[in-house]
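Undergrad: Quick check, what structure comes out for this input:
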Amino acid sequence: MTSTTQTRQSRAGTAHPDHLGHVIFIAAAAAMGGFLFGYDSSVINGAVEAVRDRYDVGSAALAQVIAVALIGCAVGAATAGRMADRIGRIRCMQIAAVLFTVSAVGSALPFALWDLALWRVVGGFAIGMASVIGPAYIAEVAPPAYRGRLGSFQQAAIVVGIAVSQLVNWGLLNAAGGDQRGSLMGLEAWQVMLGVMVVPAALYGLLSFAIPESPRFLVSVGKYDRARGILTEVEGADVDLDARIAEIELAMKREDKSTFRDLLGGSFFFKPIVWIGIGLSVFQQFVGINVAFYYSSTLWQSVGVDPTDSFFYSFTTSIINIVGTVIAMIFVDRVGRKPLALIGSAGMAVGLGLEAWAFSHHLVDGRLPAAQGWTALIAAHVFVLFFALSWGVVVWVFLGEMFPNRIRAAALGVAASAQWLANWAITASFPSLADWNLSATYVIYAAFAALSVPFVLRFVKETKGKALEEMG
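TA: Numbering: from 1, shown residues only. Next up is the predicted model:
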């Protein structure tokens, strides 16, 4: 490699100070999809018991209504990559914003249980799209030196969305006198909780008009002048734009455009790198993280905590989630992705093990004994903290970085789709598993946290500091 080439790549790896603020704005606007992802995923936590009461359904049927959105997520994630390659990243964001808005209105005004489930599927499709487009777009516009931190905006937005949804739910519950079915603005409180998402959905749509298209997509469709202009915006005018365009184009022309067929190969249907992405996605969900965000209010109420306090604990868990995410954002480019994942796996296993121990004790007067109750509460926060500072961020960063250019969009779509299917499996099974044995359920989650350690050590390669064109 010549010194000139090294200089060009070095310049491509850092944003000019005058442009860094603009790059941060672009990444934050794209991550608004992550905010809606978190908000829509978690807001149902405030409606679970109200839906159970209004429609008189048991745990199994209720779980399906809660989890059905995840089927939409899987479909949205599976199709978003190909859609983004055809019509562009920005257009996909705009479609997702419309779907989020329609889902919020429909979910707030259901006339039957199946109707509510249908609108949740629509919202799920939008979440699936956002889960793919956000990290892919940010990875494509961010200079390599900042890509880890900017890529973590997606997870930061998700956890803020979760926290805001819990705060809104708690505020609306108090406004309705502590009754999820209490009257509020002419509707039941839980309906208002679901409908408030119209506001961030509209903001996401507006922001999508204020950010540029991915330069890599523009190069793929032959719009070189626009790509040069956007590269100037995000990397600075002192970068050799012709060299950067040639570098991107060469990487993309080495093989055909991303298709599902490109992912096939090896001994087990998919190429090994695709299986590693799927494995990261599945382990991220099989530790049971979304139980903490979909069912936490119901879980705390089941061990004797009153409804208002259970909503408050759900909010404090979300705050811990944000703290952990900030820690990950600080260290993801300093320590690396792989070490953070290993630290998180160990911490999650400990937290989940303590929860399993606490929930193994019998209730006394409908409540856990004091020692076990406090252990369960603290351990739940420890689990969420270690998830947030590790797997919550690094999986999305890995998925945005680890695949070769030629298969990135399609492979990310498959991995994200697998993540949503795993999420669905955990979400749909938790109420029945909890009815069977709550402690054993947490033992299962702890086992997956422990198993993720050898998986990362054996199969996952560090991507810290590498250009996207170096992958594969």
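
Undergrad: In the stretch 251-400 of the chain, what residue spans correspond to helices?
TA: Counting by DSSP state H, counting those that start in this stretch, the stretch 251-400 of the chain has these helices, from start to end: 272-286, 291-294, 296-302, 307-331, 337-359, 370-388, 391-401.

Undergrad: elements contacting the last one?
TA: Read it as helix 391-401. For helix 391-401, the packing partners by 3 or more Cβ pairs under 8 Å, 6 or more residues apart in numbering; DSSP states H and E come out as helix 113-141, helix 144-175, helix 272-286, helix 307-331, helix 337-359, helix 408-459. C-beta: built from backbone N, CA, C; applies to glycine.

Undergrad: you'd agree residue 324 is up against residue 382?
TA: No. Counting by Cβ atoms under 8 Å, residue 324 sits too far from residue 382 to count as a contact (10.1 Å).

Undergrad: quick one: which of the two has more around it?
TA: residue 324 (24 against 18; other Cβ atoms under 10 Å).

Undergrad: Nearest residue to that one in space, please, no chain neighbours.
TA: Of all residues not flanking residue 324 in the chain, residue 388 sits nearest, at 2.6 Å (Cβ to Cβ, 6 or more residues apart in numbering).

Undergrad: The one you found is in contact with residue 318, isn't it?
TA: No. The criterion here is Cβ under 8 Å, and residue 388 misses it with residue 318 at 9.8 Å.

Undergrad: Of all the helices and strands packed on helix 391-401, which one comes closest to residue 265?
TA: helix 272-286 (8.5 Å; Cβ to Cβ).

Undergrad: How about the closest one, which residues are buried there?
TA: 273-286 (16 or more other Cβ atoms under 10 Å).

Undergrad: likewise stretch 170-189?
TA: For stretch 170-189, burial by neighbour count (16+ other Cβ under 10 Å) applies to 170, 172-173, 176, 180-182, 184, 188-189.

Undergrad: Could you list the low-confidence segments of the stretch 151-300 of the chain?
TA: Along the stretch 151-300 of the chain, segments meeting pLDDT under 70 span 236-237, 251-262, 266-268.

Undergrad: Any figure for the gap between residue 109 and residue 117?
TA: 14 Å (Cβ to Cβ, to the nearest Å).

Undergrad: Comparing these two, which shows the higher neighbour count?
TA: More crowded of residue 109 and residue 117, by other Cβ under 10 Å: residue 117, with 19 against 14.

Undergrad: rewinding a little: would you single out the least confident of the helices of the stretch 251-400 of the chain?
TA: Mean pLDDT is lowest for helix 296-302 among the helices of the stretch 251-400 of the chain, at a mean of 73.

Undergrad: So what touches that helix?
TA: Taking contacts as Cβ atoms under 8 Å, 6 or more residues apart in numbering, the residues outside helix 296-302 that touch it are 45-46, 48-49, 291, 307, 309-311, 313-314, 317, 380, 434, 438.

Undergrad: nearest to residue 90, of those?
TA: residue 45 (31.2 Å).

Undergrad: In contact with residue 359, which residues?
TA: 303, 368, 372, 376, 438-439, 442.

Undergrad: mind redoing it with 6 Å?
TA: Residues near residue 359 by Cβ atoms under 6 Å, 6 or more residues apart in numbering: 438-439.

Undergrad: can you check residue 93 too?
TA: Applying Cβ under 6 Å, 6+ apart, the residues near residue 93 are 133, 208.

Undergrad: Please repeat the previous calculation with a cut-off of 10 Å.
TA: Residues in contact with residue 93, defined by Cβ atoms under 10 Å, 6 or more residues apart in numbering, are 29-30, 32-33, 84, 129-130, 133-134, 137, 204-205, 207-209, 211.

Undergrad: Just the C-alphas of the host helix or strand of it, formatted as PDB.
TA: Per DSSP states H and E: residue 93 is located in helix 89-108. Only the C-alpha atoms of helix 89-108 are listed here, as PDB (Å, rounded to 0.1, in the frame of the first residue of the first chain):
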ATOM      1  CA  ARG A  89     -32.500   4.200   2.700                       C
ATOM      2  CA  ILE A  90     -34.300   7.500   3.100                       C
ATOM      3  CA  ARG A  91     -37.500   6.400   1.300                       C
ATOM      4  CA  CYS A  92     -37.600   3.300   3.500                       C
ATOM      5  CA  MET A  93     -37.500   5.600   6.600                       C
ATOM      6  CA  GLN A  94     -40.400   7.600   5.300                       C
ATOM      7  CA  ILE A  95     -42.500   4.500   4.700                       C
ATOM      8  CA  ALA A  96     -41.700   3.300   8.200                       C
ATOM      9  CA  ALA A  97     -42.800   6.700   9.600                       C
ATOM     10  CA  VAL A  98     -46.200   6.400   7.900                       C
ATOM     11  CA  LEU A  99     -46.600   2.800   9.200                       C
ATOM     12  CA  PHE A 100     -45.700   3.900  12.800                       C
ATOM     13  CA  THR A 101     -48.400   6.700  12.600                       C
ATOM     14  CA  VAL A 102     -51.100   4.400  11.200                       C
ATOM     15  CA  SER A 103     -50.300   1.700  13.800                       C
ATOM     16  CA  ALA A 104     -50.500   4.300  16.700                       C
ATOM     17  CA  VAL A 105     -54.000   5.500  15.600                       C
ATOM     18  CA  GLY A 106     -55.300   2.000  15.000                       C
ATOM     19  CA  SER A 107     -54.000   0.600  18.200                       C
ATOM     20  CA  ALA A 108     -55.500   3.500  20.200                       C
END
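
Undergrad: so how far is it off the chain centroid?
TA: 17 Å (Cα atoms, centre = their mean, to the nearest Å).

Undergrad: try stretch 68-83
TA: Chain-centre distance of stretch 68-83: 13 Å, with Cα atoms, centre = their mean.

Undergrad: if we can go back for a sec, can you list residues touching both of residue 324 and residue 382?
TA: With Cβ under 10 Å, 6+ apart as the test, residue 324 and residue 382 both reach residue 347.

Undergrad: burial count for residue 209?
TA: Residue 209 has 11 nearby residues by other Cβ under 10 Å.

Undergrad: Do you know the pLDDT at the residue lying closest to it once chain neighbours are set aside?
TA: Using Cβ to Cβ, 6+ apart and skipping the chain neighbours, the partner closest in space to residue 209 is residue 94 (7.7 Å). Residue 94 is assigned 94 on the pLDDT scale.

Undergrad: can you tell me which residues contact residue 161?
TA: Counted by Cβ under 10 Å, 6+ apart, residue 161 has contacts 31-43, 197, 200, 318.

Undergrad: Most neighbours among those, which one is it?
TA: residue 33 leads the contacts of residue 161 on contacts (other Cβ under 10 Å) with 33 neighbours.

Undergrad: list the contacts for that one?
TA: Contact criterion Cβ under 10 Å, 6+ apart gives 92-93, 96-97, 100, 126-127, 129-135, 137, 154, 157-158, 161, 200-201, 204, 207-208 as the residues in contact with residue 33.
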